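# for reference, the sequence and a predicted model appear below.
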Amino acid sequence: MKPFPFSAIVGQDDMKTAMILTAIDPRIGGVLVFGDRGTGKSTAVRALAGLLPPIEAVEGCPINAARPEECPDWADTHSGKVRKRPTPVIDLPLGATEDRVVGALDIERALTRGEKAFEPGLLARANRGYLYIDEVNLLEDHIVDLLLDVAQSGENVVEREGLSIRHAARFVLVGSGNPEEGELRPQLLDRFGLSVEVRSPQNIADRIEVIRRRDAFEQDSDTFCKKYRRKDAAIRKKIVAAHEALPEIEANDTILSDCAELCIALGSDGLRGELTLLKAARALAAYQGDATITREHLRSVAPIALSHRLRRDPLDEAGSGARVMRSVESVLA
């Protein structure tokens with residue numbers, strides 16, 4: 001079945017905005033979507049796959065290299081021809097083994113031909129695309145450690161079974177989960193650029209519209225997708241234009257000062273909060289067709305860029321989003 005159209009998702013504006021921003025600037029660092037079951041988390045990620053502009057990649061290259069000279073030496077299956085292909089969106093199942101994730105010795109070739117060859121894993125396939133983990137908070141610790149290493153370096157290194165392999169592994173990490181099933185390790189939480197909490201709609205009209213659209217999609221997906229094709233195409237066009245305009249978006253010293261003051265007020269550790277806030281605001285400005293970053297852009301992205309970076313405060317019963325908005329109103333008054 002085709003993915004549900006991105007533009008047909010009812011509500012969940014923060015989640016859709018976060019995903020659009022990472023499509024404009026993958027350096028933002030990915031999206032974490034936490035919330036109740038059945039709130040469209042997985043649907044939105046799969047819908048994003050149909051929304052993303054295509055990439056140019058060498059045909060048959062296991063790491064989606066943009067040029068033949070970038071294909072690794074161990075990849076002997078590529079044709080050398082560069083063609084457009086959909087941006088990869090790869091699922092990482094919870095039960096995936098380490099070999100499945102990073103790659104391993106190709107046992108079939110070793111047994112049938114006596115050759116020591118590398119079989120690439122999910123990280124190779126996700127290069128220049130998205131790696132999606134559903135129920136990311138239930139991921140095994142050793143897989144989390146692997147992801148942290150690769151996310152930091154942008155390179156997958158495999159040293160085992162007589163193999164010594166390195167290849168590019170730069171991807172946008174998208175995770176979803178239900179907080180009732182366990183918390184995310186702080187080290188991995190910090191690697192997500194943006195974080196969004198989604199909840200079931202409480203408005204009757206919204207719930208009815210969700211049911212109506214989902215039912216129409218399941219009854220006749222081709223007709224339903226055709227209805228929203230133009231809207232998805234318009235979003236895709238804006239994403240492409242924003243990506244091209246990104247280097248020209250200016251950030252003056254006042255904006256940089258606002259980012260720093262806001263993060264100090266919130267007590268966020270390190271400088272990753274400021275950098276992510278700036279990148280997200282720049283991507284939003286580009287998407288909206290603005291030439292410079294304004295305080296309004298900072299106000300819009302601050303909750304999704306900073307809420308997961310706050311220290312726990314047992315004396316403050318307000319949620320992290322509310323705490324961010326309090327500081328936003330104080331600093332950016």
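Nice, I can see it.

# my read: residue 144 touches residue 185, true?
Yes: Residue 144 lies in contact with residue 185 (CB atoms under 8 Å); the separation is 5.8 Å. In short, each C-beta sits where N, CA and C put it, glycine included.

# host element of residue 299?
Taking DSSP states H and E as the definition, residue 299 sits inside helix 295-306.

# now the strands for the protein?
Taking DSSP state E to define them, one finds strands in the chain at 31-35, 55-58, 82-85, 89-91, 103-105, 118-120, 129-134, 155-160, 163-168, 171-177, 194-198.

# of these, which shows the lowest average pLDDT?
Among the strands of the chain, strand 103-105 carries the lowest mean pLDDT, a mean of 75.

# against which helices or strands is it packed?
When contacts are defined as 3 or more CB pairs under 8 Å, 6 or more residues apart in numbering; DSSP states H and E, strand 103-105 packs onto strand 118-120, strand 155-160, strand 163-168.

# returning to that earlier point: need the strands of the chain in CSV (columns: mean neighbour count).
What follows is the strands of the chain, written out as CSV (neighbours: other CB atoms under 10 Å):
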stretch, mean neighbour count
strand 31-35, 24
strand 55-58, 19
strand 82-85, 12
strand 89-91, 18
strand 103-105, 21
strand 118-120, 21
strand 129-134, 23
strand 155-160, 16
strand 163-168, 17
strand 171-177, 25
strand 194-198, 23
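
# so which of these is nearest residue 25?
Minimum separation from residue 25 across the strands of the chain (CB to CB) falls at strand 171-177, 9.7 Å.

# and that closest one, what does it pack against?
helix 13-24, strand 31-35, helix 41-51, strand 129-134.

# outside of that strand itself, list whatever touches it.
19, 22, 26, 29-34, 41-42, 45, 48, 90, 123, 126-138, 147, 151, 184, 191-192 (CB atoms under 8 Å, 6 or more residues apart in numbering).

# okay if I get the helices and strands packed on strand 171-177 as a markdown table plus distance to residue 168?
Converted to a markdown table, the helices and strands packed on strand 171-177 look like this (distance: least, CB to CB, whole Å):
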| stretch | distance to residue 168 |
| --- | --- |
| helix 13-24 | 18 |
| strand 31-35 | 21 |
| helix 41-51 | 21 |
| strand 129-134 | 12 |
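
# now do the contacts for residue 200.
Counting by CB under 8 Å, 6+ apart, residue 200 has contacts 36, 38-39, 207.

# likewise residue 283?
Taking CB under 8 Å, 6+ apart as the contact definition, residue 283 lies against 21, 24-25, 28, 242, 246.
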